[in-house]
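> Quick one: sequence plus predicted model below, questions after.
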Amino acid sequence: MKQNETLLNTRHKSDSMDELGEDHVSTSAETPLREDAFEKDDALKIELIQKHFKEIMLILGLDLTDDSLKGTPNRVAKMYVQEIFSGLNPANKPSIRLFENKYKYSEMLVEKDITLYSYCEHHFVPIIGKAHVAYISNGKVIGLSKINRLVEHFSKRPQVQERLTVQIAEALKEALQTEDVAIVIDAAHLCVSSRGVKDTASTTITAHYSGKFTEDQTKNEFLAFIQKK
Ligand SMILES: Nc1nc2c(ncn2[C@@H]2O[C@H](COP(=O)(O)OP(=O)(O)OP(=O)(O)O)[C@@H](O)[C@H]2O)c(=O)[nH]1
Ligand SMILES: [Zn+2]
């Protein structure tokens, strides 16, 4: 299914909305970002997060003079900004070089079992799984690792799996200049397994098929490939 135009619009939240205490229902596949999301540089973000995380630890009653704990606010701040949420910043999106499909390869290419680490935006705990991605060349090809890198980039955000799936698919379509893209993500949510309902067995599967992958034969071939061990 082709994404509705409105899904692709960016929605930014401003301070005035904060003041009004308004709730906004997202109608976009974009990550909801504030207008000032990138006004602070990474160093300032780390400094501020460190300060606030220290407060959280103190409120929890932890003794921050302890050797093992005293570096934690800085470690968490650096991890958020430079590692696990670095995909919030579009400047960190991998650059993707297109090559001519000089091999005249016309079947689907499947990159399967891509390791995926993301973070649930409701609880900020990990989502761990695999992404399986396929495309059919429209005359251009990309380096295989760029598919893994795109998965990694969009995973490094607070996410819901549905949005992550669509964001990867849309980025791949844009990079490859084709609608013929498919993606399946199968992931375990630690917010489901380690807390709350504590179901350690269930996983969540999401999918996005577009272009030729909406046709049964092509879709089924992709699904058969990703089931092969
Ligand atoms: N649709 C969707 N829901 C998710 C995802 N990750 C986590 N959730 C769910 O988001 C919901 C958050 O809802 P709440 O009921 O406000 O949170 P909660 O009280 O902590 O819920 P419990 O997890 O049931 O204890 C939970 O049901 C989570 O399982 C995701 O990727 N997609
Ligand atoms: Zn969660």
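That came through fine. Ligands and ions are numbered 1, 2, ... in the order given.
> Domain parsing of the protein, as residue ranges.
Structural domains annotated on the chain: 5-92, 98-227, as defined by automatic domain parsing.
> just the ones you listed: most buried one?
Using mean count of other C-beta atoms under 10 Å, the stretch among these with the greatest mean number of neighbours is domain 98-227 (a mean of 17). Every residue, glycine included, has its C-beta placed from N, CA and C.
> coming back round to it: Serialize the domains of the chain to TSV and add fields for distance to ligand 1.
Compiled in TSV, those are given as follows (distance: least, C-beta to the nearest ligand atom, whole Å):
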stretch	distance to ligand 1
domain 5-92	12
domain 98-227	3
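> Is it possible to get JSON lines of those domains that adds mean pLDDT?
Below are the domains of the chain laid out as JSON lines (pLDDT from 0 to 100):
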{"stretch": "domain 5-92", "mean pLDDT": "86"}
{"stretch": "domain 98-227", "mean pLDDT": "97"}
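> I figured Glu221 hits Met108, correct?
Yes. Applying C-beta atoms under 8 Å as the test, Glu221 and Met108 come out as touching, 6.8 Å apart.
> can you map out the strands along this structure?
Taking DSSP state E as the criterion, the chain contains strands spanning 12-13, 33-34, 98-100, 108-120, 126-136, 140-142, 158-159, 181-189, 204-209.
> Quick one, which of those strands gets closest to Lys173.
Smallest distance to Lys173 across the strands of the chain (C-beta to C-beta): 5.2 Å, for strand 181-189.
> what helices or strands is that closest one leaning on?
Under the contact definition 3 or more C-beta pairs under 8 Å, 6 or more residues apart in numbering; DSSP states H and E, strand 181-189 sits against strand 108-120, strand 126-136, helix 161-176, strand 204-209, helix 216-227.
> Give me every residue in the protein lying close to ligand 2.
Neighbours of ligand 2 within the chain, by C-beta under 5 Å from the ion: Cys120, His122, His123, Cys191.
> now, the most widely separated pair of those residues?
Based on C-beta to C-beta, the longest span within the residues of the chain next to ligand 2 runs between His122 and Cys191 and measures 6.3 Å.
> returning to that earlier point: intersection of neighbour lists for Glu221 and Met108?
Here Glu221 and Met108 share no contacting residue, scored by C-beta atoms under 8 Å, 6 or more residues apart in numbering.
> show me what contacts Asp42?
Counting by C-beta under 8 Å, 6+ apart, Asp42 touches Val81, Gln82.
> Among the residues of the chain next to ligand 2, which one lies nearest to Lys146?
Proximity to Lys146 was ranked across the residues of the chain next to ligand 2 by C-beta to C-beta; first place goes to Cys120, at 25.9 Å.
> For that closest one, which residues count as its bridge partners?
Bridge pairing for Cys120 (DSSP bridges) gives the partners Gln159.
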